[in-house]
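1. below are the sequence and a predicted model for it; my questions follow.
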Amino acid sequence: SGFVAIEDNLPPVFDCLGTSIFCTSDTSVASIGQPAVMDNCSNIMSITYYDIIEEGDCDFPVAYVISRVWTAQDESGNVGTCIQSILVERPDLEELVFPVDVNLDCVDADADPRLTGVPTLEGIPIPDVNFCGVEVTYLDDTTFLCTTIGYQIERIWNITDVQCTSNSRIVSQFIVISDDTPPVMECPGDVVFGSSVGTCTGVVTLPAPAQIFDNCDANPTYVVTTSWGGTGLGPHTGVEVGQHTATYIALDECGNTSECVINVTVEDTETPAAVCEDLTAAVNSAGYAFVFASTIDEGSFDNCQDRLYYKVKRVELAACDGINGDDAPGIDGYQEWFDDMAIFCCDEIDLTPRMVTLRVYDVDPGSGPVDPSREQPGGDLFGRYSDCMSTVTLQDKIPPVMKCAPSITITCKDDLTDLDVYGVPQVADNCS
């Protein structure tokens, strides 16, 4: 008898195919792939590899040659090898794409190249350590545009062929960090000021803004301009009575502005100075005396208004059987309001002088009697008048009117004292 020994002495066989890649491509097995391997008898027990990296010949467009040496061992211990050639193409410097200019907002601006861009080849960033045979460096030149908030970085990229020619390509990338957002200001509300004593002007001190916030400037400022020509918060003296405006302008370090406008009112808070004179008034033929309000004025004046308006009211109400009239028949009782004139009658001659109140307005109350509600708080005449007292002395300067009896002819013997014969004159008087 005999024995036959069957042995496997054949190693695994690889199918190693070479490839060419960009210098920025991934050289890992996962990216390039593993060569196929077969064995005649058994399973492959292990596959390993290692790389031999050599620079390419400068006469050829290959920057590096990666010789990936594969080893496979089968169950019989047979070992097969192959070399997978990976040719890394050398780029032309003109093929490299530099990052574009970038504008960044000053809020949390970060000019790190990983965020603002690096040179690329076929859309893939060129790493610091690469197979392209180039060296990538940059230098930043910073120019401040508005203090330290806004600035421009000129990033000067330099890519040099360090493998063959030592040629360089230099391109500037501009990164602008800017503040284009205006400050946000909380504007004060409208304000009202009173006039100074004896003048038609007031002193105005404007309120400051409640707060000003800016996205990048920690200390934004503000200026104030006014419609009357003043600047700043004041105090502003000599501001005329009337309606004005104040414009608040918030300003940051980069010149961005926002503004708001408030209304500034200077009110005439001083009432007119009423000056009265006492009058003498004569009743007319009908037995009445009419005293107009303007005749009682003796130089009333106001701090603002050149023209004043006058109304008068008797102190004794409902005199002369209510000849001055009930000014509000719809209201219970007798209402006698300030009016353009006051009326007196003959019955008061022996009671003179009579008292009247002159009311002087610095706004036009209109003709006729003045409703007292207009002079109460909230009314259009509230705080717009002052009063003074005057006396009116009444006189009757019209003599009685007499009409004699008709003329007759008598004899020398008739009795001249018998008025029943001759008649008496008819006598009339305006007051008695």
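-> It's in. Numbering: from 1, shown residues only.

2. hey, what's the closest residue to residue 84 other than its chain neighbours bridged with?
-> Distance criterion Cβ to Cβ, 6 or more residues apart in numbering; nearest residue to residue 84, sequence neighbours excluded, is residue 68 at 4.2 Å. (C-beta placed from N, C-alpha, C; glycine too.) Beta-bridge pairing for residue 68 (DSSP bridges): residue 51, residue 84.

3. so residue 68 makes contact with residue 82?
-> No - Residue 68 is beyond contact range of residue 82, at 9.0 Å (criterion: Cβ atoms under 8 Å).

4. what's in contact with the helix or strand hosting residue 46?
-> Under the criterion of DSSP states H and E, residue 46 resides in strand 44-55. Residues outside strand 44-55 that contact it (Cβ atoms under 8 Å, 6 or more residues apart in numbering): 12, 29, 34, 37, 63-75, 84, 133, 163.

5. among residue 68 and residue 82, which residue is more densely surrounded?
-> residue 68 (21 against 18; other Cβ atoms under 10 Å).

6. need the contact list for the more buried one.
-> Here residue 68 is in contact with 49, 50, 51, 52, 83, 84, 85, 86 (Cβ under 8 Å, 6+ apart).

7. which pair in the residues you listed spans the largest distance?
-> Checked with Cβ to Cβ, these reach their widest spread between 50 and 85, with 14.2 Å between them.

8. the two: who's more crowded?
-> Set side by side, residue 50 and residue 85 show more neighbours around residue 85, with 13 against 9, by other Cβ under 10 Å.

9. could you check the pLDDT of the more buried one?
-> For residue 85, the model assigns a pLDDT of 94.

10. buried subset of the contacts of residue 68, written for ChimeraX?
-> Filtering the contacts of residue 68 down to the buried ones (16 or more other Cβ atoms under 10 Å) takes a single ChimeraX command:
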select :49,84,86
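
11. from the contacts of residue 68, pick the one nearest residue 247.
-> For the contacts of residue 68, the nearest to residue 247 is residue 86 (71.5 Å; Cβ to Cβ).

12. quick one: what helix or strand has that closest one in it?
-> Applying DSSP H and E as the criterion places residue 86 in strand 79-89.

13. quick one, that strand and strand 44-55 angle?
-> 30 degrees (axes from the mean of the first three to the mean of the last three Cα atoms, to 10 degrees).

14. what lies in contact with the helix or strand following strand 79-89?
-> Next along the chain after strand 79-89, taking DSSP H and E as the criterion, comes strand 102-105. By Cβ under 8 Å, 6+ apart, the residues outside strand 102-105 that reach it are 110-111, 116-117, 173-181, 215.

15. so where's this protein shaky on pLDDT?
-> 1, 420 (pLDDT under 70).

16. if we use 80, what do you get?
-> Residue ranges of the chain with pLDDT under 80: 1-9, 42, 128-129, 352, 405, 407-430, 432.

17. helices along that one, start to end?
-> Assigned helices in the chain, in chain order: 29-32, 113-116, 293-296, 319-322, 419-422 (criterion: DSSP state H).

18. how about a markdown table for those helices, with distance to residue 409 and mean neighbour count added?
-> Below are the helices of the chain laid out as a markdown table (distance: least, Cβ to Cβ, whole Å; neighbours: other Cβ atoms under 10 Å):
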| stretch | distance to residue 409 | mean neighbour count |
| --- | --- | --- |
| helix 29-32 | 162 | 11 |
| helix 113-116 | 140 | 14 |
| helix 293-296 | 54 | 20 |
| helix 319-322 | 48 | 14 |
| helix 419-422 | 11 | 11 |
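
19. wait, which of the ones you listed is closest to residue 392?
-> helix 293-296 (8.4 Å).

20. can you give me the strands for the stretch 251-400 of the chain?
-> Taking DSSP state E, counting those that start in this stretch, the strands of the stretch 251-400 of the chain run over residues 257-267, 279-282, 288-292, 309-314, 341-345, 354-361, 385-395.

21. want to try a markdown table for these, with mean neighbour count as columns?
-> Below are the strands of the stretch 251-400 of the chain laid out as a markdown table (neighbours: other Cβ atoms under 10 Å):
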| stretch | mean neighbour count |
| --- | --- |
| strand 257-267 | 16 |
| strand 279-282 | 16 |
| strand 288-292 | 17 |
| strand 309-314 | 22 |
| strand 341-345 | 20 |
| strand 354-361 | 22 |
| strand 385-395 | 18 |
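
22. could you dump those to a markdown table with distance to residue 429?
-> Shown next, in a markdown table, are the strands of the stretch 251-400 of the chain (distance: least, Cβ to Cβ, whole Å):
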| stretch | distance to residue 429 |
| --- | --- |
| strand 257-267 | 55 |
| strand 279-282 | 14 |
| strand 288-292 | 14 |
| strand 309-314 | 25 |
| strand 341-345 | 14 |
| strand 354-361 | 21 |
| strand 385-395 | 14 |
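
23. nearest to the spatial middle of this structure, which residue is it?
-> The centroid of the chain falls nearest to residue 260 when counting by Cα atoms, centre = their mean (3.0 Å).
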